[in-house]
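Chemist: Dropping a prediction and its sequence here:
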Amino acid sequence: MTQIAAQLFTIRDFTKTREDFVASMAKIRDIGYQAVQVSQIGDIADADVKRICDDNGLTICNTHVSVDDLLRKPDAVIEQHRQWGARHVAIGGMPLENRESEAGFRRFAEVANGIGERLYEAGLTFSYHNHSFEFLRFGARSGLELIFDETDPCFVQAELDTYWIQHGGADPVAWIERMQDRMPVIHLKDMVMLPPPSESPPNKLRGDLRPHQAMAEVGEGNMNFAGILAACQRVGVEWYAVEQDICQRDPFESLAISYRNLRAMGLT
């Protein structure tokens, strides 16, 4: 079975209804994916989600779940994942109120440890997905270092996002290696520099227009994916989830480009 999964957040505008979900999973299957990460889909019954994925030969390898759901109704989350056959649970980021201070990061680490312990007891894993705000510095450590230093690796694992690590000024390969045996799923997206919009004002200091960073399909940008994938193999990554929050083209086409490029890089 392939290790490459489509993160459904990429096509969130096409999974709002059961009918859209059926059509979208067929497209995902036709691209070649055999696994998906369920995230931000519409109000579709759990049994229907499982049936539709099964009908298209798609494994639900992991999910994104809200912190509120994990705190208020952990038993329901656990039952949902058992029904789907999905062992890995992740959250897309910490609550806004925790993001601006070291004390907030510490409070979140304590909460995350408790959530992770509950899921661990149920036979599931719990992972934290980063953006770039976690690279705020608090003395000698970044916020992301604080999260993983102050949580139990058994209870809180990593779902690193390659683009956002680079966006935060850190090295994706170094961070992957830091998560040895602590990262069942990784999020893959590339970073490219795009020319400025035509309406952008000139940079008066440089006398030109400034390009800007943007998300790109894996292999279509400037990131070191040979090094990234080699590091993933070394640390025991189980699933490689393609996620592109913002696409410059049809998101299904973006998922297809990333899939083809990953296969060409040797990922199966």
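Modeler: It's in.

Chemist: Tell me where the stretch 1-150 of the chain is predicted with low confidence.
Modeler: Counting by pLDDT under 70, the stretch 1-150 of the chain shows low-confidence ranges at 1-2.

Chemist: In the chain, mark out all the strands, start to finish.
Modeler: Applying DSSP state E to the chain gives strands spanning 4-7, 35-38, 59-64, 88-91, 125-129, 137-138, 141-142, 157-159, 185-188, 190-194, 212-216, 239-242.

Chemist: what's the first one packed up against?
Modeler: With contacts defined as 3 or more Cβ pairs under 8 Å, 6 or more residues apart in numbering; DSSP states H and E, strand 4-7 has these neighbours: strand 35-38, strand 59-64, strand 239-242, helix 251-264. (Glycine included, C-beta is placed from N, CA and C.)

Chemist: how about the ones you listed in a markdown table, adding distance to residue 72 and mean neighbour count?
Modeler: Below are the helices and strands packed on strand 4-7 laid out as a markdown table (distance: least, Cβ to Cβ, whole Å; neighbours: other Cβ atoms under 10 Å):
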| stretch | distance to residue 72 | mean neighbour count |
| --- | --- | --- |
| strand 35-38 | 19 | 25 |
| strand 59-64 | 16 | 23 |
| strand 239-242 | 26 | 24 |
| helix 251-264 | 31 | 19 |
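
Chemist: export the strands of the chain to JSON lines and tack on distance to residue 73?
Modeler: Below are the strands of the chain laid out as JSON lines (distance: least, Cβ to Cβ, whole Å):
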{"stretch": "strand 4-7", "distance to residue 73": "23"}
{"stretch": "strand 35-38", "distance to residue 73": "17"}
{"stretch": "strand 59-64", "distance to residue 73": "14"}
{"stretch": "strand 88-91", "distance to residue 73": "13"}
{"stretch": "strand 125-129", "distance to residue 73": "15"}
{"stretch": "strand 137-138", "distance to residue 73": "32"}
{"stretch": "strand 141-142", "distance to residue 73": "32"}
{"stretch": "strand 157-159", "distance to residue 73": "21"}
{"stretch": "strand 185-188", "distance to residue 73": "23"}
{"stretch": "strand 190-194", "distance to residue 73": "36"}
{"stretch": "strand 212-216", "distance to residue 73": "32"}
{"stretch": "strand 239-242", "distance to residue 73": "24"}
